[in-house]
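Asks: Here is a sequence with its predicted model. Questions after.
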There are 2 protein chains.
Amino acid sequence: MLRFSNEFGLDIESDHVSKVVQRALAQIKNEKESREVGYYTLPDTSLSLTEEVKSIGTDSIEQLVIIGIGGSSLGIKAIDAILRPYSKDTKEILYLENSDPLTISNTLEKIHPNKALFFVISKSGSTIETTSIFKTVIGYHHLDLEGEDAKRVVIITDEGSVLSEFAAHYGLQVFHIPHNVGGRFSVLSAVGVVPLALAGYDMHDLLDGARQMTTRFFDGDAQHILQKAAYLFFQSSKEPMNVLFSYSDTLEEFTKWYVQLWGESLGKINQKGEKVGLTPIGLIGAIDQHSFLQLIIEGPRDKNVTFIKIEDFQKELTIPDISLFAIEKTDFINNQSFNRLINAQCDATMQSLNEAGVTTDMIVMDRVTPSNIGEMLIYFELLTSLVGAMFEVNTYNQPGVELGKQILYKNLGSGDL
Amino acid sequence: MLRFSNEFGLDIESDHVSKVVQRALAQIKNEKESREVGYYTLPDTSLSLTEEVKSIGTDSIEQLVIIGIGGSSLGIKAIDAILRPYSKDTKEILYLENSDPLTISNTLEKIHPNKALFFVISKSGSTIETTSIFKTVIGYHHLDLEGEDAKRVVIITDEGSVLSEFAAHYGLQVFHIPHNVGGRFSVLSAVGVVPLALAGYDMHDLLDGARQMTTRFFDGDAQHILQKAAYLFFQSSKEPMNVLFSYSDTLEEFTKWYVQLWGESLGKINQKGEKVGLTPIGLIGAIDQHSFLQLIIEGPRDKNVTFIKIEDFQKELTIPDISLFAIEKTDFINNQSFNRLINAQCDATMQSLNEAGVTTDMIVMDRVTPSNIGEMLIYFELLTSLVGAMFEVNTYNQPGVELGKQILYKNLGSGDL
């Protein structure tokens, strides 16, 4: 279980606030019950996937290769990065995301095609990076999709997409993303569950954590989420930036997942034609105390900060009792653990922000478990949906990125760019 | 050489703007000539370091281990990440930065102490993460500083710091950071030059690129920097966020270096007691087209965007002429290179932002060379100094982070946190 605390000081019972909160809550309850939005029920509906994937033979598989970008890779990377240090015998996962020729070349060289299981993940089925890279993998490793190699390609896409048609044509294994689940809300669908379960992670436990959080929320037992959404919405003009300050290197990929979720969901033209949104910023402690912190403390009061702290890293590493000539001043830390140091840094930074008048809240994870990660993922999704409803935007689309795609297609198709 | 273009549409000859620009320029000329600020002359003064380091024997050395955080690691990582794909026989560099017990443990296991050269880098000499990790390395790998191991520890710090005293006591090799060079402006001092030259990078060429840019700037041949600084300053209340959108995975560490430089330098209480500053945001293309881009296009008009494009990646990787059943729509890209695709994505994204009314500018690097990287580093430093002068802040200190340190020391020292 996660523990949540905050310094919002907002009374969500007051008429003004309560009205907005209740309307947003009613909207997302309606999204769930009408099945207009599908991610709310993924903790239940995806459970069967953890059984279904067992039909895919992985005895000879040592590498999973994810070909996907954005919502088709960020969630997988986030969970992989957090859980890997705590997981034994987990298969290696390689990622082919960006259209960067250096990265693609490097990753292609790391692939052992006879020991690899390839996942081609695209909701629409026609993502330019993903299809281009998939073709390059086929060409580079001489994959024969009409022969044995067909067994080692798994397609994850929308039912009826061109990628789905492709999979049917070659008889490839295919898993569908529900139509009512958007890419950046898809981590608990086949997108995340299938590859991560095959890698060896306990996705049953992860979905269980997500289900518990969802149940508590819809049962009215997670008022703190409503309170946070209301604070972020009512302060949005004064505090347009939301910093997620995570005190563990393993959470860096998670902050990238959060940045997509928050930025792409809320940055919209609302029903009144206004440009609205909140800007997500992901930081890692204690590193960014030596970088971004100065700006938060002394710069404009335009940010609030959410801390994530892992109480027990389950890794004993103690600073030895060594005294260095002339540097004895820091000897007070001798015999203490890095676990204690990094968490003390988190607490001290939060306290210094509070004293400077910056609003903060804190999420404490007792230990890193799949269940806790599931809880945290859906917590941020629920928060996003609530704030989106308050902003009166369509939280689930991304119309703004279409123009760039059209320009790209036009420029590349013309042949003389 | 880099090429700079912009859509600022700001007349820096107009009285109003010209006055601010000339005052800022005069200030930084004075900073340089009075030697109050030392980074301007590092491209010259650091040249001798590239010779001095040759006295350090590295024949038996296969790994460089950097123990440092913030300004003591970000610049090294940035250059290392960009140049490594283009460098042969470069020694491996490992980084020990954060107080995260998992990361430290992992990195400790990767070190081969008999083949490693250790760099302890801290301007003040008493950075808590750095001294704690250094002690842990000594303990874990049984380093004997009174014996042979003393040859394999290099100290980089301010003259007169406690770390400098420590080095003298044990007769360790020591390089000093000039007093008038702050941590986040220190990449071209011993901090960056010594380890990167020993790793095998051409730091002479890198310093040469930085020197050329500095000369052009102070000779009045880089008006575009003045124009950009003025735009960012005069638009700062409307556009408080500056996005750096780099189209290459290898530039991710560079964006982190930029975030520290920009955020920590400008986020200050100014001479009038006002909280000022600009918020830096680092993005990587094409990945973040699938994440943050929607917010920039349709969200509040509170951001401007600088693109960085590498014209020639010097890496041939062509999308093969393979047509996939049902996905033929993307066949137009067949036989084109990923180099062309990623740059076409950069151009299309910039064009779509301009059409949406978002102000952009572009930095084009013809190829990745040390000289170009040196030019780019000091370009951002000069820009930072100019904007800092316009904001009337002390660009070079970071008083805001002291309170957190005091709280930490108090809490940890008390023994009963």
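Replies: Arrived safely, thanks for sending.

Asks: Could you look up the SS state of A:Phe332?
Replies: Here A:Phe332 is recorded as helix under DSSP: H, G, I helix; E, B strand; the rest coil.

Asks: any weak-confidence spans in chain A?
Replies: Within chain A, the stretches with pLDDT under 70 are A:414-417.

Asks: quick check: longest helix of chain A.
Replies: helix A:370-391 (DSSP state H).

Asks: Flag every buried residue along the helix or strand following that one.
Replies: Using DSSP states H and E, the helix or strand that follows helix A:370-391 in sequence is helix A:402-413. Neighbour-count burial for helix A:402-413, counted by 16 or more other C-beta atoms under 10 Å in any protein chain shown, picks out A:Leu403, A:Gly404, A:Lys405, A:Ile407, A:Leu408, A:Tyr409, A:Asn411, A:Leu412. For glycine as for every other residue, the C-beta is placed from the backbone atoms N, C-alpha and C.

Asks: what about the helices in the stretch 101-250 of chain A?
Replies: A:101-110, A:128-140, A:162-170, A:190-199, A:203-218, A:223-234 (DSSP state H, counting those that start in this stretch).

Asks: Check the offset of the biggest strand by length in chain A from the chain's centre.
Replies: Selection of the longest strand in chain A by residue count, based on DSSP state E, yields strand A:303-312. Relative to its chain's centre, strand A:303-312 lies at 16 Å (C-alpha atoms, centre = their mean, to the nearest Å).

Asks: Give the next helix or strand downstream of that strand.
Replies: That would be, after strand A:303-312 and using DSSP H and E, helix A:338-355.

Asks: Partner strands of the helix or strand just after that following helix and their direction?
Replies: For helix A:338-355, the following helix or strand on the C-terminal side (DSSP H and E) is strand A:360-367. Counting by DSSP bridges, the strands paired with strand A:360-367 are strand A:2-6 (antiparallel), strand A:303-312 (parallel).

Asks: okay, the angle between strand A:360-367 and helix A:223-234?
Replies: Following axes from the mean of the first three to the mean of the last three C-alpha atoms, to 10 degrees, one obtains 150 degrees for the angle between strand A:360-367 and helix A:223-234.

Asks: and the angle from strand A:360-367 to helix A:370-391?
Replies: 160 degrees.

Asks: Which residues does strand A:360-367 contact?
Replies: Strand A:360-367 is contacted from outside by A:1-8, A:228, A:304-312, A:314, A:350, A:353-354, A:372, A:376, A:379, using C-beta atoms under 8 Å, 6 or more residues apart in numbering or on different chains.

Asks: Show the contacting residues for the residue of the stretch 1-150 of chain A found nearest chain B.
Replies: Per C-beta to the nearest C-beta, A:Gly70 is where the stretch 1-150 of chain A lies closest to chain B, at 2.7 Å. Each residue near A:Gly70 by C-beta under 8 Å, 6+ apart is listed here: A:Thr127, A:Gly183, A:Arg184, A:Gln260, B:Ile287, B:His290, B:Ser291.

Asks: beta partners for A:His176?
Replies: In this entry, A:His176 is beta-bridged to A:Thr157, by DSSP bridges.

Asks: what's the neighbour count on it?
Replies: By the criterion of other C-beta atoms under 10 Å in any protein chain shown, A:His176 has 18 neighbours.

Asks: mind giving me the domain ranges of chain A?
Replies: Using automatic domain parsing, the domain parsing of chain A gives A:2-32+A:206-399, A:39-201.

Asks: Would you pull up how far the longest one lies from the middle of the chain?
Replies: Spelled out, that is domain A:2-32+A:206-399. Distance, centroid of domain A:2-32+A:206-399 to centroid of chain: 13 Å (C-alpha atoms, centre = their mean).

Asks: measure it end to end?
Replies: The first residue of domain A:2-32+A:206-399 is 34 Å away from its last residue (C-alpha to C-alpha, to the nearest Å).

Asks: The last one too?
Replies: The first and last residues of domain A:39-201 sit 21 Å apart, counting by C-alpha to C-alpha.

Asks: could you pull out the strands for the stretch 1-150 of chain A?
Replies: Ranges of strands in the stretch 1-150 of chain A, per DSSP state E, counting those that start in this stretch, are A:2-6, A:63-67, A:92-96, A:116-122.

Asks: Please report how far the residue nearest the centre of chain A lies from A:Asp15.
Replies: Nearest to the geometric centre of chain A sits A:Trp257, at 3.0 Å (C-alpha atoms, centre = their mean). Applying C-beta to C-beta, to the nearest Å, one obtains 36 Å for the distance of A:Trp257 from A:Asp15.
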